[in-house]
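Colleague: no sequence on this one, just coordinates:
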């Protein structure tokens, strides 16, 4: 299993009318996200999704996108 680099995680909350759950996504990897009823569940799910995407890229000899650097 691939070790996940330090990609910036974006944690947000879906509106109550849509189910009131948490979503963790990565700007550098569109379509890679995790969901959960709690922040911890979404974070764990998102990390597993990130590792799966990185493993899939490795399997087809494609480099992962570089993590964005924080500005400041």
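Modeller: Right, received. Where do you want to start? It should be emphasised that the depicted structure is a prediction, and the values quoted were computed from it without experimental measurement. Numbering: from 1, shown residues only.

Colleague: contacting residues around whichever strand or helix holds residue 49?
Modeller: Counting by DSSP states H and E, the element that carries residue 49 is helix 39-59. Residues from elsewhere that reach helix 39-59, judged by C-beta atoms under 8 Å, 6 or more residues apart in numbering: 1-2, 4-5, 7, 9, 11, 21-26, 29, 32-36, 63-64. To be clear about C-beta, it is placed using only N, CA and C from the backbone, and glycine gets the same treatment.

Colleague: which residue sits farthest out from the middle of the protein?
Modeller: In terms of distance from the mean C-alpha position of the chain, residue 17 ranks first, at 23.5 Å (C-alpha atoms, centre = their mean).

Colleague: hang on, the earlier thing: buried ones in the helix holding residue 49?
Modeller: Of the residues in helix 39-59, those with enough neighbours to count as buried (16 or more other C-beta atoms under 10 Å) are 42-43, 45-46, 49-50, 53-54.

Colleague: What pLDDT is listed against residue 11?
Modeller: Note on residue 11: pLDDT of 96.

Colleague: tell me the contacts of the residue lying closest to it once chain neighbours are set aside?
Modeller: Leaving aside its sequence neighbours, residue 11 sits nearest to residue 24 (C-beta to C-beta, 6 or more residues apart in numbering; 5.1 Å). For residue 24, the contacting residues are 9-11, 33-36, 42-43, 45-46, by C-beta under 8 Å, 6+ apart.

Colleague: Tell me the spacing between residue 24 and residue 60.
Modeller: 25 Å (C-beta to C-beta, to the nearest Å).

Colleague: Is residue 28 in a helix, a strand, or coil?
Modeller: coil (DSSP: H, G, I helix; E, B strand; the rest coil).

Colleague: Please name the nearest non-neighbouring residue to it.
Modeller: In space, residue 28 is closest to residue 65, 4.6 Å off (C-beta to C-beta, 6+ apart).

Colleague: The one you found looks like it's in a helix, true?
Modeller: No: looking at residue 65 with three-state DSSP, it is coil, so not inside a helix.

Colleague: Let me know the pLDDT of it.
Modeller: 91.

Colleague: What about it, how many residues nearby?
Modeller: When neighbours are defined as other C-beta atoms under 10 Å, residue 65 has 16 of them.
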